[in-house]
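J.: Fold the stuff below for me.
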Amino acid sequence: MRVIDVAHDIPKFDITAGAYVLYSIHRYAPRGAIFLVVVDPGVGGPREPIAVETRNYYLVGPNNGILWPVIEEDGFVKAVRLDNDAFWVKPVSYTFHGRDIFAPAATMLALGVDIESLGSNLPPEKLIKLHLRSVDRVNRSVCMRVVYIDEFGNVSLSATQYDKVLETVCGSGKVKVYTGDSERVARCARTFSEVGRGELALYYNSFGFVELAVYMGSAARQLGLNRGDKVCLEPLDER
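T.: Residues are numbered from 1 along each chain as shown. Down below sits the predicted model:
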């Protein structure tokens, strides 16, 4: 069994950021990989601990939406509530299900235990859904929300290459960027170094999401953005 620590720097309590990281990295794992995910601000509450089998992977974590983007993309096979206490670490803490319920379930799956042995059946309609992609098109504007901000201040937005946002707004090579009451101009690019130092760039990031960055700077700081904020793009017609 090989254990890989993918991330421990997800912003506290941020389910959407956790979903973004999981969705972005899952396809690089081998078939049969087990993802243990604990971004769980509802621990001890009514949310259910679950395990999910998709076409290629197993997911273990809280039923709070964090697993949904991978389930939706890879394809649902089956899910269970982790309510078979034979596999729990006891006594079970009210506030540390990651140790006492999720980790043992992931370990059992890695040892070859059938997912159905871990608990009772959970129908797919009971899974909490969280959608990373959200695009609102009004006239010439394309509006999205911030789904993730990395340590460099690069701002990932709720659209991917499949939504063809850059193809819509980048006709002149520059776009207007509206955030709250402010307006900036970004240059459409393939990578950071195509713009000048301190200049705002718009591109598809390495995971295929629309992203804003400042070369050798922080787009989040320059634009005053936080996760969940609305960002609108509009073509800039230069004459």
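J.: any chance you could map the helices in this protein?
T.: 15-25, 68-74, 97, 103-110, 165-169, 219-223 (DSSP state H).
J.: Including distance to residue 194, could the ones you listed go into TSV?
T.: From N, CA and C alone the C-beta is placed, and that goes for glycine too. Listed next are the helices of the chain as TSV, based on distance: least, CB to CB, whole Å:
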stretch	distance to residue 194
helix 15-25	23
helix 68-74	29
helix 97	46
helix 103-110	42
helix 165-169	13
helix 219-223	15
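J.: Quickly list the domain ranges of this structure.
T.: 15-126, 136-235 (automatic domain parsing).
J.: Output these in a markdown table, with distance to residue 2 appended to each entry.
T.: As requested, the domains of the chain are arranged in a markdown table below (distance: least, CB to CB, whole Å):
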| stretch | distance to residue 2 |
| --- | --- |
| domain 15-126 | 9 |
| domain 136-235 | 23 |
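J.: Take those and lay them out in JSON lines including mean neighbour count.
T.: Shown next, in JSON lines, are the domains of the chain (neighbours: other CB atoms under 10 Å):
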{"stretch": "domain 15-126", "mean neighbour count": "18"}
{"stretch": "domain 136-235", "mean neighbour count": "18"}
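J.: Of all the helices of the chain, which one is nearest residue 156?
T.: helix 15-25 (6.6 Å; CB to CB).
J.: who touches the closest one?
T.: Identification of contacts with helix 15-25 by CB atoms under 8 Å, 6 or more residues apart in numbering yields 6-7, 10-11, 35, 37, 39, 41, 64-70, 73, 130, 132, 147-148, 156, 207, 209, 227-228.
J.: Now the helices of the chain in CSV, please, with extra columns for distance to residue 45 and mean pLDDT.
T.: Formatted as CSV, the helices of the chain follow (distance: least, CB to CB, whole Å; pLDDT from 0 to 100):
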stretch, distance to residue 45, mean pLDDT
helix 15-25, 13, 96
helix 68-74, 18, 97
helix 97, 10, 93
helix 103-110, 19, 97
helix 165-169, 36, 94
helix 219-223, 30, 96
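J.: so which of these gets nearest residue 119?
T.: helix 103-110 (8.2 Å).
J.: tell me what the closest one is packed against?
T.: strand 34-36, strand 49-54, strand 58-62 (3 or more CB pairs under 8 Å, 6 or more residues apart in numbering; DSSP states H and E).
J.: Show me what the first one packs onto, helices and strands only.
T.: In this structure, strand 34-36 makes packing contacts with strand 58-62, helix 103-110, judged by 3+ CB pairs under 8 Å, 6+ apart.
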